[in-house]
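Colleague: Here's a sequence, model it:
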Amino acid sequence: MYLRPLQLSSNSQVYISGDVVVDEGVAIAPGVILQADPDSRISIAAGTCIGMGVILHARQGTLEIGAGAILGAGVLVVGSGAIGANSCIGAGTTLINPCIEQRQILAAGSLMGDDSRQITAEAKPQSKPETSPVEPPVEPPVEPPVEPPVEPPVEPPETAPTNPLTPPETAASPPSTPTEQPPQPGEIPTILYGQAHINRLLGTLFPHRQAFNRSEENGKTFSGGSE
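Modeller: Numbers count the residues shown, from 1 in each chain. Coordinates of the predicted model:
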């Protein structure tokens, strides 16, 4: 912070107004203003050194300056409060409602107690506390139902083809000959012509044929005997 060098005041007087109590051992430079508002008070202890151009303005209470305190040139103190003993306030410092402890040192050009110019941290959205993601309950693995082993269908044993049962072969029986039944009355008998019947018929019709047949047989016998 740049501070302009203090110019010497042509006013060698000290301005005091209101209820102001200054000890005899206080050193006050020219151009100092000590002013107390109604119902307010300024109290400066012994051994205090007030630099040129210092302004002390008490309001709404008592402003106390401790013994041995040093206020640099151009210091401005406004309000009520206390500056501790043997403290050192740098030149060009502004204090509003000061509360300076003993033997405290403030650098030149400091500013304390100005609420209107106080830098406040921007309100940040409250971050939710990080919580570890809740893992869903792990369900035990569901085992598939065990199916009973399926047995392959039992195929019936293959059997050799069997021939259809046939009745046992029986010996071939000779063809049965029809038995001659006697003719019924009113039926014409069937005449069967066999060899014997034909011979008898021929013998009846040709009686000489038998004699001829016998002579032939005799001739064969005779000729066979002569030999």
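Colleague: correct me, but Pro30 touches Val14?
Modeller: Yes: using Cβ atoms under 8 Å, Pro30 is in contact with Val14, at 7.2 Å. C-beta here means a position set from N, CA and C on the backbone, and glycine is covered the same way.
Colleague: Show the contacting residues for the residue nearest to Leu111 when sequence neighbours are not counted.
Modeller: Setting aside the residues directly before and after it, Leu111 is nearest to Thr94 in space (Cβ to Cβ, 6 or more residues apart in numbering), at 5.0 Å. Residues near Thr94 by Cβ atoms under 8 Å, 6 or more residues apart in numbering: 75-76, 78, 110-112, 114.
Colleague: Double-check Thr93 against Ala108; I have them as touching.
Modeller: Yes: contact criterion Cβ under 8 Å: Thr93 and Ala108 qualify, at 6.5 Å.
Colleague: Now for the two: what residues contact both?
Modeller: The overlap between the contact sets of Thr93 and Ala108 (Cβ under 8 Å, 6+ apart) consists of Gly72.
Colleague: So which of those two has more stuff around it?
Modeller: Counted by other Cβ atoms under 10 Å, Thr93 and Ala108 do not tie: Thr93 has more neighbours, with 22 against 15.
Colleague: got a pLDDT number for the nearest residue to that one once chain neighbours are set aside?
Modeller: For Thr93, ignoring the flanking residues on the chain, the nearest one in space by Cβ to Cβ, 6+ apart is Ser110 at 4.5 Å. Ser110 is assigned a pLDDT of 90 by the prediction.
Colleague: mind listing what Ser110 touches?
Modeller: Shown in contact with Ser110 (Cβ under 8 Å, 6+ apart): 89-90, 93-94.
Colleague: swap in Ile89?
Modeller: Listed by Cβ under 8 Å, 6+ apart, the contact set of Ile89 reads 69-72, 75, 83, 95, 100, 106, 110.
Colleague: Same question for Cys99.
Modeller: 81-82.
Colleague: Just grab the bridge partners of it for me.
Modeller: On the basis of DSSP bridges, Cys99 is bridged to Ala82.
Colleague: ditto for Leu76
Modeller: Under the criterion DSSP bridges, Leu76 forms beta bridges with Ile55, Thr94.
Colleague: To what extent is it buried, counted in neighbours?
Modeller: As a burial measure, Leu76 scores 17 neighbours (other Cβ under 10 Å).
Colleague: ditto for Ile44
Modeller: Neighbours around Ile44, by other Cβ under 10 Å: 24.
Colleague: follow-up on the earlier one: and the contacts of Ile89, which is closest to Asp23?
Modeller: Taking Cβ to Cβ as the measure, Asp23 lies nearest Ala69 of the contacts of Ile89, at 11.7 Å.
Colleague: just checking, the closest one touches Leu95?
Modeller: No: counting by Cβ under 8 Å, Ala69 does not reach Leu95; the two are 11.7 Å apart.
Colleague: quick one: common contacting residues for these two?
Modeller: Jointly contacting Ala69 and Leu95 under the rule Cβ under 8 Å, 6+ apart are 83, 89.
Colleague: circling back to that earlier point, reformat the contacts of Ile89 as a markdown table; add distance to Val20.
Modeller: As requested, the contacts of Ile89 are arranged in a markdown table below (distance: Cβ to Cβ, whole Å):
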| residue | distance to Val20 |
| --- | --- |
| Ala69 | 16 |
| Ile70 | 19 |
| Leu71 | 15 |
| Gly72 | 20 |
| Val75 | 16 |
| Ile83 | 15 |
| Leu95 | 17 |
| Ile100 | 19 |
| Leu106 | 23 |
| Ser110 | 25 |
